[in-house]
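# sequence first, predicted coordinates after that:
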Amino acid sequence: MTGSLQNLSAQGYKIPSPPVATNLNQWRYLTGMDMNSMQGDITQEFVSTYSGGVDLHIQPMYRGSIANNRGTKVAGLTNDIDMEPRGSAALNGRYDIGADEFTGHIRNHDVMAEDILGPVGYRASSGQFSDAEYMMVDTAVSLVGRLRNVGGQPVPSNAATMTVQRWTGTTWVTVATMNKSASVDVSEQRNVAFGMFMPQTLRELGQSDPYYGQDANVSPLYRLQLRSGTDDNVTNNRYEKIVRFYVLRATRRVLVSVESYQPSNVTNSGISDPVVLGNKLNADSVISAMNQIAWDRTNGLGTEDFDIFQRDMWPKENLDFRPWKTVIWAQGEEAEGLEAEERAALKSALESRTMKDKTNLLIAGQDVARKHDVVLTAGNGQIADKEFVNNYLRATYSKPTQPANYSGLRIKGIALSPNKFEMIQGTGVTNDLPPMPGVLKVTVNSDGVAKSSHQYIDLPPVPDPTIRQDTTAGVASKGVKKQVVYYAFDWRHAGRFWPEPTQSGVKRLVLAGLDFFGYNTSEVLPIKLSSFAAQQTGRRQVTVEWTTAGEENVSAMEIQRAEVMEAVTGDVVGEFSVVDRQAGRGTATVGAEYRTVDGGVVGGRTYIYRLVTVNTDGTVEINDQRQVKVSGDEAMSLSVVVAPNPMVDRGSVQVELAEGGEGRIVLYDASGKEVSEVYSGAIVSGVTEYSLPVSELASGTYTVRIEVAGQSPVVKSVVVKK
């Protein structure tokens with residue numbers, strides 16, 4: 001069979017429609033219709049077929065017609081071609097399909113395994129994706145089979161079985177078998193729920209598929225087999241299909257959707273197509289930003305913070321983003337913009353949740369509004385989609401920026417990151433297109449609130465200052481079921497700008513969107529980090545200090561160190577090791593100060609120190625890092641260490657001096673007031689330890705100052721009383 005549906009607009013224009021169906025399963029998936037229809041050769045049941053005609057009567061002695069009792073009652077059509085009453089032979093009164101009501105023989109007990117209703121996806125008729133039904137799923141899928149009684153007797157207890165097999169690359173292996181007993185009346189169907197099944201991914205199984213490149217989420221092929229119990233007709237007791245899954249693995253339920261992702265091609269070699277190159281650079285940029293905020297995808301064994309979805313490596317008919325709470329989308333300069341199927345899947349996901357559990361979309365693309373916010377005509381039905389731009393992105397396309405190439409010019413945070421500036425910057429990569437962002441207006445409707453997230457601030461002034469100029473560069477909206485942030489520029493063009501010149505603008509823009517969705521800093525990173533510093537404080541020591549503004553679900557914090565070594569190809573960072581581990585002392589709203597001293601460094605070498613948070617659920621987050629070059633021994637004549645830190649009932653300051661001299665050690669409280677002169681007099685060369693009056697001090701932060709040999713270093717210390 002072949003069938004197609006053509007959707008038409010109110011004006012009669014062609015708009016996005018399902019693909020042509022070439023079999024019954026495709027038709028059912030695409031339309032949701034003909035669930036009682038069957039697939040098979042009915043001509044063998046006719047009395048005769050001959051050249052130029054067909055006798056549509058069913059053979060009177062035929063046993064078990066596949067068209068028997070599958071139809072429905074139709075008012076006004078109560079008789080067949082012989083004027084015999086329809087449905088007379090069926091206990092449920094259903095009509096047969098066809099011109100002739102079947103009156104032949106049926107088997108006493110004949111329950112067929114008719115279909116597998118869950119999981120279900122579209123299977124292409126040819127090409128890369130014709131090997132299976134493809135579907136995007138949560139961590140578990142529901143297995144549902146359909147039985148139909150085509151015999152003449154009720155079956156009160158049919159022993160149905162669902163078997164799940166996995167393709168290893170060479171053979172099928174059984175991974176699960178589920179049994180259910182089902183009662184099926186004559187001419188009736190019964191849907192049987194066998195329970196949940198958790199598919200595994202290629203990486204989890206130690207397998208790989210070079211085509212997909214997303215082994216952390218894509219499963220191998222699975223074969224599902226539905227069997228009905230043994231009866232009078234064993235030829236219809238088995239139904240099977242092959243499926244492949246893209247499985248949710250992100251613990252945060254975040255999906256990053258990209259195209260042309262080539263993580264191993266760091267030099268962008270061999271990419272001459274500017275659209276492919278732009279997509280690749282967009283993917284690199286947004287995934288780099290996820291890594292910079294310490295969201296991890298290292299081991300691929302179910303502990304990823306976010307999933308990477310390469311949509312150009314997946315059939316567009318089988319897009320389903322509903323399992324994920326947040327979708328981060330990188331869009332390039334394709335002539336057609338987002339595919340119609342992509343827009344439909346995003347709309348479905350954005351409408352799938354509730355007021356208390358909204359779906360989030362963070363999307364960047366300079367051509368999204370420009371391509372789709374257009375009036376429908378007879379020739380642009382695949383692209384025109386004002387509903388998507390106006391109602392879901394809450395934007396209206398106004399005009400291109402002036403200049404059209406906005407490289408080197410600024411945007412300013414309004415609703416997101418207020419009064420912070422970002423630079424729109426071309427990448428400078430050969431064959432890459434320049435930034436040509438769009439100017440937007442905010443769409444107002446009844447679904448929540450929409451505001452300008454950023455605005456262009458380097459547009460030329462308008463001749464008439466009384467005319468309001470459109471300057472919106474992005475829109476942030478909160479609706480009843482959804483939250484959306486749309487940037488009208490590409491991810492790769494979010495450059496670097498003060499006050500964080502070493503961090504990409506993409507990182508800040510991603511964080512701004514996540515904060516807007518409710519991934520506040522305490523969720524993006526378990527600590528709100530106010531400061532983090534590492535500096536040399538002795539000949540063979542580095543002091544690391546950090547301050548938090550809040551801590552949530554924190555078990556401990558670690559300071560880790562790695563040596564930076566020079567190599568022919570550039571600096572190489574060695575393996576990180578733990579220098580110190582401290583329990584968190586803050587709360588969700590109150591922070592704390594921390595300090596540790598690393599005495600295991602060597603003069604003349606360079607080290608990286610990073611702060612790692614260990615969460616109460618066992619996961620870890622990398623929060624920030626600093627690089628320190630340790631001077632040689634001859635360059636550091638004074639070293640000071642306070643230990644332990646924090647101090648509870650005792651503490652001391654250790655002073656290492658190259659040459660002795662008169663000195664003074666003083667203790668100050670947090671207000672700068674001197675609370676104790678610890679020592680005054682001669683400080684000899686070498687290492688000397690002096691006790692601190694911890695028992696006389698209240699809990700709080702203190703500063704130890706050493707004045708000797710023309711130097712006066714200070715060291716912070718914390719006192720914690722039980």
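Now that the structure is in, tell me what you want to look at.
# center of the protein - which residue?
Nearest to the mean C-alpha position of the chain, counting by Cα atoms, centre = their mean, stands residue 255 at 1.3 Å.
# so that residue sits in a helix?
No: Residue 255 is assigned strand when assessed by DSSP: H, G, I helix; E, B strand; the rest coil, not a helix.
# so where's the stretch 51-200 of the chain shaky on pLDDT?
The model of the stretch 51-200 of the chain has pLDDT under 70 over residues 51-73, 82, 87-105.
# show me where it has its strands.
Assigned by DSSP state E, counting those that start in this stretch, the strands in the stretch 51-200 of the chain fall at 53-58, 111-118, 133-137, 141-149, 155-167, 172-184, 189-197.
# before we move on, back to that, so the residue nearest to the centre of the chain is in contact with residue 311, correct?
No: at 10.1 Å, residue 255 does not count as touching residue 311 under the criterion of Cβ atoms under 8 Å. From N, CA and C alone the C-beta is placed, and that goes for glycine too.
# one step back: on the strand side of things, show who the residue nearest to the centre of the chain bridges to.
residue 307, residue 327 (DSSP bridges).
# now do the same contact list for it.
With contact set as Cβ atoms under 8 Å, 6 or more residues apart in numbering, residue 255 has these partners: 248, 306-307, 309, 321, 324, 326-328.
# ok so, going back, and the strands of the stretch 51-200 of the chain: which comes nearest residue 429?
Each of the strands of the stretch 51-200 of the chain has some distance to residue 429 by Cβ to Cβ; the shortest is strand 133-137, at 31.6 Å.
# other SSEs contacting that closest one?
Other helices and strands packing on strand 133-137, by 3 or more Cβ pairs under 8 Å, 6 or more residues apart in numbering; DSSP states H and E, are strand 238-247.
# the strand it packs on vs strand 111-118, what angle?
Computed by axes from the mean of the first three to the mean of the last three Cα atoms, to 10 degrees, the angle separating strand 238-247 from strand 111-118 equals 10 degrees.
# and strand 238-247, which residues are buried?
239, 241, 243-247 (16 or more other Cβ atoms under 10 Å).
# next: stretch 221-236.
Quick answer for stretch 221-236 (16+ other Cβ under 10 Å): 221-229, 231, 233, 236.
# what's the closest of these to residue 490?
residue 221 (35.8 Å).
# I'd like to know how far that closest one sits from residue 343.
29 Å (Cβ to Cβ, to the nearest Å).
# next: residue 327.
Counting by Cβ to Cβ, the gap from residue 327 to residue 343 is 12 Å.
# circling back: pLDDT score for the residue nearest to the centre of the chain?
pLDDT recorded at residue 255 is 97.
# returning to that earlier point: just send the strands of the stretch 51-200 of the chain back as TSV, with distance to residue 477 and mean neighbour count too.
Conversion of these to TSV gives the following (distance: least, Cβ to Cβ, whole Å; neighbours: other Cβ atoms under 10 Å):
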stretch	distance to residue 477	mean neighbour count
strand 53-58	59	15
strand 111-118	34	22
strand 133-137	25	22
strand 141-149	33	22
strand 155-167	42	18
strand 172-184	43	15
strand 189-197	35	17
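# out of the ones you listed, flag the one nearest residue 263.
Nearest to residue 263, of all the strands of the stretch 51-200 of the chain, is strand 133-137, at 21.1 Å by Cβ to Cβ.
# contacts for the closest one?
So strand 133-137 is contacted by 25, 119-123, 141, 199, 241-248, 314-315, 317-321, 323 (Cβ under 8 Å, 6+ apart).
# now the strands: where do they sit in the stretch 451-600 of the chain?
Under DSSP E, counting those that start in this stretch, the stretch 451-600 of the chain gives strands at 472-478, 482-487, 527-538, 541-551, 554-565, 572-573, 577-583, 593-598.
# ok, now which ones touch residue 456?
Counting by Cβ under 8 Å, 6+ apart, residue 456 has contacts 401, 406, 409-411, 437, 439, 471-473.
# can you say which of these are buried?
Judged by 16+ other Cβ under 10 Å, buried ones among the contacts of residue 456: 401, 406, 409-411, 437, 439, 471-473.
# which one of those residues is nearest residue 261?
residue 437 (22.6 Å).
# measure the closest one to residue 476 for me?
16 Å.
# which parts of this structure belong to which domain?
Annotated domains of the chain cover 111-247, 254-519, 525-635, 637-722 [automatic domain parsing].
# for residue 116, what are its contacts?
Contacts of residue 116 by Cβ under 8 Å, 6+ apart are 143-146, 162, 224, 226, 239-241.
# can you rerun that using 6 Å?
145, 224, 226, 241 (Cβ atoms under 6 Å, 6 or more residues apart in numbering).
# repeat that for residue 511.
Residue 511 neighbours (Cβ under 6 Å, 6+ apart): residue 293.
# confidence score at it?
At residue 511, pLDDT is 88.
# again with residue 332
91.
# which element, helix or strand, includes it?
In this assignment (DSSP states H and E), residue 332 forms part of neither any helix nor any strand.
# against residue 154, how distant is residue 79?
Applying Cβ to Cβ to residue 79 and residue 154 gives a distance of 28 Å.
# looking at those two, which one has more neighbours?
residue 154 (14 against 11; other Cβ atoms under 10 Å).
# please tell me how far that one sits from residue 81.
30 Å.
# got it, and residue 18?
In terms of Cβ to Cβ, residue 18 sits 34 Å off from residue 81.
# so which of these two has more stuff around it?
residue 18 (18 against 11).
# any low-confidence regions in the stretch 201-350 of the chain?
If you take pLDDT under 70 as the line, the stretch 201-350 of the chain has these spans: 298-303.
# what about the helices in it?
Remark: helices assigned in the stretch 201-350 of the chain by DSSP state H, counting those that start in this stretch are 274-292, 340-350.
# so for residue 586, which of these sits nearest?
helix 274-292 (23.4 Å).
# quick one: contacts for residue 7?
Counted by Cβ under 6 Å, 6+ apart, residue 7 has contacts 15, 17.
# rewinding a little: I'd like the domains of the chain as CSV, with distance to residue 86 appended.
What follows is these, written out as CSV (distance: least, Cβ to Cβ, whole Å):
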stretch, distance to residue 86
domain 111-247, 13
domain 254-519, 37
domain 525-635, 63
domain 637-722, 87
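# out of those, which gets nearest to residue 10?
domain 254-519 (9.3 Å).
# what's the distance between the closest one and the middle of its chain?
Chain-centre distance of domain 254-519: 14 Å, with Cα atoms, centre = their mean, to the nearest Å.
# swap in stretch 171-186?
34 Å.
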